[in-house]
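**Student:** with the sequence up front, the predicted model follows.
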Amino acid sequence: MASIVDDITIIILSNLPVKSLLRFKCVSKSWCSWISDPKFELSNARRQQRGAISLLYINDIPSFLFMTENIVFKDLIYPFNKIVPDVKVGRRFTLGCNLLGSCHGLLLINVEQHIFLWNPTIGFCTKVLELDDLTREGNIVVGGLCFDDSMNEYKALLFIYSTIDDTKKYVIVASLKDKKWRKLEFSHYIPSVRSGVALNGRLHFIQVRRKHDLGHYLNKNFYIRPELKCCDFWAWKGIPPFGELIYFDSITEKFHKFPIPRGLIVGLGVLNECLCVACLRSGGMEILVMKEYGKVESWTSTYVIKSFEINPYFGYAESLFMTEDGEELVIKVSRDQVVVYNLKDDSVRQILVRTPTVCISSITYVPSLISPQGYNWRDKQHTN
Amino acid sequence: MVKLKSNDDKEFEVEEAAVIQSEMIKNMIEDGCATSVIPLPNIDSKTLIKVIEYLNKHINMGKAAETGEEDDLKEFDEQFVNMGWEELFDVIMAANYLNIHELMELCCQSAADRLKNKSVRAVREMLKITNDLTEEEEQEIINDAPWAFEGPEIDDTVN
């Protein structure tokens, strides 16, 4: 039976960040078992909202890196081959690997048609879903992972469209438990949806106008490179872009719109537990934070990055997170560049640059110790 | 006034308004079980003095917010947790026993802040824990997440 001292130690432990907890598993047998207890993991993940880091997938080697809250890069060994032996993390972006979403420190990631739930912090990984359309030539996918509190289960949401056949586009959702894909009604233009950010049991997306919305403006020589996940910016010339913020309610499975302040939205993220957007304005990029979730009047301009300009026609800002000391902001600004903005001296420096033929895919998450059970894929049971 | 008695037989008088921040004593008073002296067999006088100091300062949270004394209270809290490790643990035990939610949270967070960057060796020493893991088991834990054992912030001192 656990003593009062043990109970209190567990309460103190639940206030610690993940890095300390992983280290303190070495203190003793009981500490190790408390920290490894699934119940403790969940309560800990709910408490720890700070200290976001990013996972990056770079398709030239290909390799996974993670970037800590102090902007240190570390290589990460991916575990997918251990689960599905023949799976290849390929070079071609659309046919290889997509970082689909993150929630509670878990990542949803697909390699070919296999979808995995991966906690890179503790090396937990399991196949959870499968979808053949993910391997189809020219298909592009944007996704999200969220937790439905009412059913106590994770859900995957995917926006899929074809760059070859414009009639092929749909939105689907599946519970990671029952694993059945269901189509959802979606009144917005699917190819314009980007980046899913989970917060408060909802998934948030921005909708940015892209080439596909503007077919009649384009000249016939326009060249699409599907693996780039964005179109050549020539197509945008002379056309004012815009942005919208939509969210998906994980319980009702309906989409709604969030009114947003003025300006063109080019990015979405979470800062200090608040939803934030990056807006373009003349002479820079503005970061707006929704101080009180759901209250439109609480949108507050927090930073204006003057020394930095995004090309309004194809640029975007992703994977925002604040460094541990609160002095720098990490932003992915295009498919081959990650920059750091220093809030004190208003300077911008590049930290990761690749050639334009290389894609850097990134996702921000708050590390946790969660390894949820009961989501494993069983071929016999789940393949139709 | 309510009389509290520590386990070394010292009595303390505390205003009822202050003492009912303890859920346990509040229930005792409501149930009519607090007619004379309330014995607290788990708490020594040194710890009880600290707890009473906290209760008196936090006597009326709502009042503090109205009169703009919140900063003052924050400063008090910061000073309050500035005590030795063992002392802090005793206050946590007392706060847990007396069921004083805010005090419990304050002290647990302070304890966590102190442990956060400590090395495994330092934690064992601070909390007087005997290592019962084998070398192999330890190595396995390290291999699972080597990055958690590295970094300039990790502190091997005991204080």
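**Tutor:** That came in fine, so what should we check first? If you're wondering where the values come from, they're calculated on a predicted model, not measured in any experiment.
**Student:** quick check: buried residues in the strand or helix carrying residue B:141?
**Tutor:** Per DSSP states H and E: residue B:141 is located in helix B:135-144. For helix B:135-144, a neighbour-count test (16 or more other Cβ atoms under 10 Å in any protein chain shown) marks B:138, B:141-142 as buried. (C-beta placed from N, C-alpha, C; glycine too.)
**Student:** mind putting those residues into a markdown table with distance to chain A?
**Tutor:** Output for the buried residues of helix B:135-144, formatted as a markdown table (distance: Cβ to the nearest Cβ, whole Å):
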| residue | distance to chain A |
| --- | --- |
| B:138 | 5 |
| B:141 | 5 |
| B:142 | 7 |
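**Student:** burial of residue A:84, as a residue count?
**Tutor:** Neighbour count for residue A:84, taken as other Cβ atoms under 10 Å in any protein chain shown: 17.
**Student:** and what of the one 5 residues further on?
**Tutor:** As a burial measure, residue A:89 scores 18 neighbours (other Cβ under 10 Å).
**Student:** over to residue A:188?
**Tutor:** With other Cβ under 10 Å as criterion, residue A:188 counts 15.
**Student:** that one contacts residue A:207, correct?
**Tutor:** Yes: here residue A:188 reaches residue A:207: they are 5.5 Å apart, a contact under Cβ atoms under 8 Å.
**Student:** so what sits against both of the two?
**Tutor:** A:244, A:246 (Cβ atoms under 8 Å, 6 or more residues apart in numbering or on different chains).
**Student:** list the helices and strands the helix holding residue B:141 packs on?
**Tutor:** Applying 3 or more Cβ pairs under 8 Å, 6 or more residues apart in numbering or on different chains; DSSP states H and E, one finds that helix B:135-144 makes contact with no other helix or strand.
**Student:** give me the contacts around that helix.
**Tutor:** Residues contacting helix B:135-144 (Cβ under 8 Å, 6+ apart): A:22, A:25-26, A:32, A:122-123, B:131, B:133, B:149.
**Student:** what's the distance between that helix and the middle of its chain?
**Tutor:** Centroid separation between helix B:135-144 and its chain, computed with Cα atoms, centre = their mean, to the nearest Å, is 32 Å.
**Student:** CA-only coordinates of it in CSV, if you can.
**Tutor:** Extracted in CSV, the C-alpha atoms of helix B:135-144 (Å, rounded to 0.1, in the frame of the first residue of the first chain):
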residue,chain,number,x,y,z
GLU,B,135,22.9,-1.4,-13.0
GLU,B,136,21.3,-3.0,-16.1
GLU,B,137,17.9,-1.6,-15.3
GLU,B,138,19.4,1.8,-14.9
GLN,B,139,21.3,1.6,-18.1
GLU,B,140,18.1,0.5,-19.9
ILE,B,141,16.3,3.6,-18.7
ILE,B,142,19.2,5.8,-19.8
ASN,B,143,19.2,4.2,-23.2
ASP,B,144,15.6,4.9,-23.7
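**Student:** in the chain, which helix or strand is least confident?
**Tutor:** Chain wasn't specified; assuming chain A. Using mean pLDDT, DSSP states H and E, helix A:93-96 stands out as the lowest-scoring helix or strand of chain A, at a mean of 54.
**Student:** other chain: chain B
**Tutor:** That would be, for chain B by mean pLDDT, DSSP H and E, helix B:61-66 at a mean of 63.
**Student:** C-terminal to that helix, what's the next element?
**Tutor:** Note on helix B:61-66: by DSSP H and E, the next helix or strand toward the C-terminus is helix B:70-80.
**Student:** convert that following helix to CSV, retaining C-alpha atoms only.
**Tutor:** Once non-C-alpha atoms are left out, helix B:70-80 reads as follows in CSV (Å, rounded to 0.1, in the frame of the first residue of the first chain):
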residue,chain,number,x,y,z
GLU,B,70,-2.3,40.6,-4.8
ASP,B,71,1.3,41.5,-5.5
ASP,B,72,1.9,41.7,-1.8
LEU,B,73,0.5,38.2,-1.4
LYS,B,74,2.6,36.9,-4.3
GLU,B,75,5.7,38.3,-2.7
PHE,B,76,4.7,36.7,0.6
ASP,B,77,4.2,33.3,-1.1
GLU,B,78,7.7,33.6,-2.7
GLN,B,79,9.3,34.3,0.7
PHE,B,80,7.2,31.7,2.4
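**Student:** mind listing what's buried in it?
**Tutor:** B:76-77, B:80.
**Student:** okay, and residue 35 sits in which element?
**Tutor:** In the absence of a named chain, this looks at chain A. Taking DSSP H and E as the definition, one finds residue A:35 inside helix A:29-36.
**Student:** nope, chain B
**Tutor:** Here residue B:35 sits in a region with no helix or strand, counting by DSSP H and E.
**Student:** same thing with residue A:146?
**Tutor:** strand A:139-148.
**Student:** pull the CA atoms of that strand into PDB?
**Tutor:** C-alpha atoms of strand A:139-148 as PDB (Å, rounded to 0.1, in the frame of the first residue of the first chain):
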ATOM      1  CA  ASN A 139      -2.800  13.200 -53.800                       C
ATOM      2  CA  ILE A 140      -2.200  15.700 -51.100                       C
ATOM      3  CA  VAL A 141      -3.200  15.400 -47.500                       C
ATOM      4  CA  VAL A 142      -3.600  17.900 -44.600                       C
ATOM      5  CA  GLY A 143      -4.600  16.400 -41.300                       C
ATOM      6  CA  GLY A 144      -5.100  16.800 -37.600                       C
ATOM      7  CA  LEU A 145      -5.200  14.700 -34.400                       C
ATOM      8  CA  CYS A 146      -7.600  15.500 -31.600                       C
ATOM      9  CA  PHE A 147      -9.000  14.000 -28.400                       C
ATOM     10  CA  ASP A 148     -12.700  13.500 -27.900                       C
END
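**Student:** so which elements touch whichever helix or strand comes after that strand?
**Tutor:** Scanning forward in sequence from strand A:139-148 by DSSP H and E, the next helix or strand is strand A:153-162. Contact here means 3+ Cβ pairs under 8 Å, 6+ apart; on that basis strand A:153-162 packs against strand A:97-103, strand A:139-148, strand A:169-175.
**Student:** can you do 6 Å?
**Tutor:** When contacts are defined as 3 or more Cβ pairs under 6 Å, 6 or more residues apart in numbering or on different chains; DSSP states H and E, strand A:153-162 sits against strand A:139-148, strand A:169-175.
**Student:** and the contacts of stretch A:329-342?
**Tutor:** Stretch A:329-342 is touched from outside by A:305, A:315, A:317-322, A:328, A:348-354, A:356, A:358-360, A:362, with contacts defined as Cβ atoms under 6 Å, 6 or more residues apart in numbering or on different chains.
**Student:** buried residues in that stretch, which are they?
**Tutor:** Buried residues in stretch A:329-342 (16+ other Cβ under 10 Å): A:329-341.
**Student:** average model confidence for it?
**Tutor:** Rounded to a whole number, the mean pLDDT of stretch A:329-342 is 82.
**Student:** can the helix holding residue A:35 be found next to chain B?
**Tutor:** Yes: counting by Cβ under 6 Å from any Cβ of the partner chain, contacts between helix A:29-36 and chain B involve residue A:29.
**Student:** so how far is that helix from its chain's centroid?
**Tutor:** Relative to the centre of its chain, helix A:29-36 is centred 30 Å away, using Cα atoms, centre = their mean.
**Student:** skipping adjacent residues, who's closest to residue 148 in space?
**Tutor:** In the absence of a named chain, chain A is used. Computed as Cβ to Cβ, 6 or more residues apart in numbering or on different chains, the closest residue to residue A:148 that is not its neighbour in sequence is residue A:250, at 4.4 Å.
**Student:** the intended chain is chain B.
**Tutor:** residue A:22 (3.7 Å).
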